[in-house]
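Engineer: next input, structure requested:
(one chain, ligands or ions: 1)
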Amino acid sequence: MTDRPVVYVTRPIPEAGLELLEEAEVEFHVRDEKLPPGKNELVDRLVELDPEGLLCLLTDHIDGEVMDAARSLDVVSTFSVGYDHIDMDSAEARGLAVGHTPGVLSETTADFAWALLMTAARRTVEGSEYVMADEWETWGPKLLTGPDVHGATLGVVGFGNIGSAVARRAAGFDMEVLYTDTGRQPDVEEELAEYGVDAQFVAEDELLERSDFVTLHVPLTPETEGFVGEPEVRAMKDSAVLVNTSRGPVVDTDALNTALEEDWIERAALDVTDPEPLPADHEITRHVPEKLVLAPHIASASIGTRDRMARMAAKNLLAGLAGEELPNSAIEDRR
Ligand code: DGY
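Structural biologist: Next up is the predicted model:
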């Protein structure tokens, strides 16, 4: 028997976070598996361990039943900025603290949104496949041409940390930057102006109509689910490129599939999909690589950022165990 607080970690996270748990002398149990636990496994394990702390990933669905399985639970800390996988109302109703990892992954995720944008525009995946298929016979004036990125119009949907970091990077490409959000963000506009980016707040319709590149940076909520459906893809330019590094269900996959099929837009690049993981034989994959670029939800996957996320998740957890205010409370941040 021990009176150290017990913590359950649903899958291995970087050592940088586990070291903090070790130093704090909590009794932590890391489930050493590649795939997430199913709900039954998670509930059974929580009943068995009865931890005070749960450190989970975005692939774990933490609902009221899961929370109730751990009778002593005080804190749920997720190794992600998004917390759409946690039933926040149930957590609040039970008085649980919930931590997440905002800020530390914004720049890395913005880098990746640009990687997707550039890949889709300049057809680098196609180029690589073309070479490896031994189809490269000669230099050609029309070979794998794509739209210019420099001088184009970038439309950013959601102007929080990540969206504004994506917009800031447009300075080097001399782009016109439009954004839409629940309201105008004068402070962010001012900050970006220092980098030479003149970001204009516009209504969603205008953004979709005017942008050459539309990049999504909204959290998944009932309001943003299916945000890009048939009317939205139809409203976009037929030469437009859609980039999604937010959450898969923000885009209606069927609508996007039809849009690519019927050339309503030129291309899409997705780091997140619905469903996720996306099976290789899903209907939409027939557009790869000519019209669709895919990545397996890796926008925040730099070594440094994953270490920072691990430390932040551990610190949130430890604060919750100590009954202190969480450095990054998802409950506060959603208010
Ligand atoms: C998050 O943290 O929510 C991202 O989707 C993965 O890093």
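Engineer: give me the neighbour count for the residue in the stretch 151-300 of the chain positioned nearest to the ligand.
Structural biologist: In the stretch 151-300 of the chain, the residue that lies nearest the ligand is Ser300 (3.3 Å; CB to the nearest ligand atom). The way it works is simple: take the backbone N, C-alpha and C, and place the C-beta from them, glycine included. Residues lying near Ser300 (other CB atoms under 10 Å) number 23.
Engineer: and if you look at Pro296?
Structural biologist: 12.
Engineer: residues in contact with it?
Structural biologist: By CB atoms under 8 Å, 6 or more residues apart in numbering, the residues touching Pro296 are Asp271, Pro277.
Engineer: returning to what we had before: distance of the residue of the stretch 151-300 of the chain closest to the ligand relative to Met309?
Structural biologist: Using CB to CB, to the nearest Å, we find Ser300 at a distance of 7 Å from Met309.
Engineer: shared neighbours of those two, anything?
Structural biologist: Leu105.
Engineer: state the pLDDT value of the residue of the stretch 151-300 of the chain closest to the ligand.
Structural biologist: Ser300 is assigned a predicted lDDT (pLDDT) of 98.
Engineer: can you confirm it is in a helix?
Structural biologist: No - read with DSSP: H, G, I helix; E, B strand; the rest coil, Ser300 is coil and lies in no helix.
Engineer: please name the nearest non-neighbouring residue to it.
Structural biologist: Leu105 (4.0 Å; CB to CB, 6 or more residues apart in numbering).
Engineer: now the stretch 101-250 of the chain against the ligand: closest residue?
Structural biologist: Counting by CB to the nearest ligand atom, the stretch 101-250 of the chain gets nearest to the ligand through Leu105 (5.3 Å).
Engineer: I'd say that residue and Met309 touch.
Structural biologist: Yes - with contact defined as CB atoms under 8 Å, Leu105 reaches Met309; the gap is 6.1 Å.
Engineer: and stretch 273-288 with the ligand, contact?
Structural biologist: No - counting by CB under 6 Å from any ligand atom, the ligand has no neighbours in stretch 273-288; the shortest distance is 10.2 Å.
Engineer: tell me the mean pLDDT over that stretch?
Structural biologist: pLDDT averaged over stretch 273-288 gives 98.
Engineer: now do the buried residues in that stretch.
Structural biologist: Thr273, Asp274, Leu278, Ile284, His287 (16 or more other CB atoms under 10 Å).
Engineer: report the contact partners of the third one.
Structural biologist: Which is Leu278. Counted by CB under 8 Å, 6+ apart, Leu278 has contacts Ile284, Thr285, Leu294.
Engineer: and which of the residues you listed is nearest Val156?
Structural biologist: Val156 lies nearest to Leu294 out of the contacts of Leu278, by CB to CB, at 21.4 Å.
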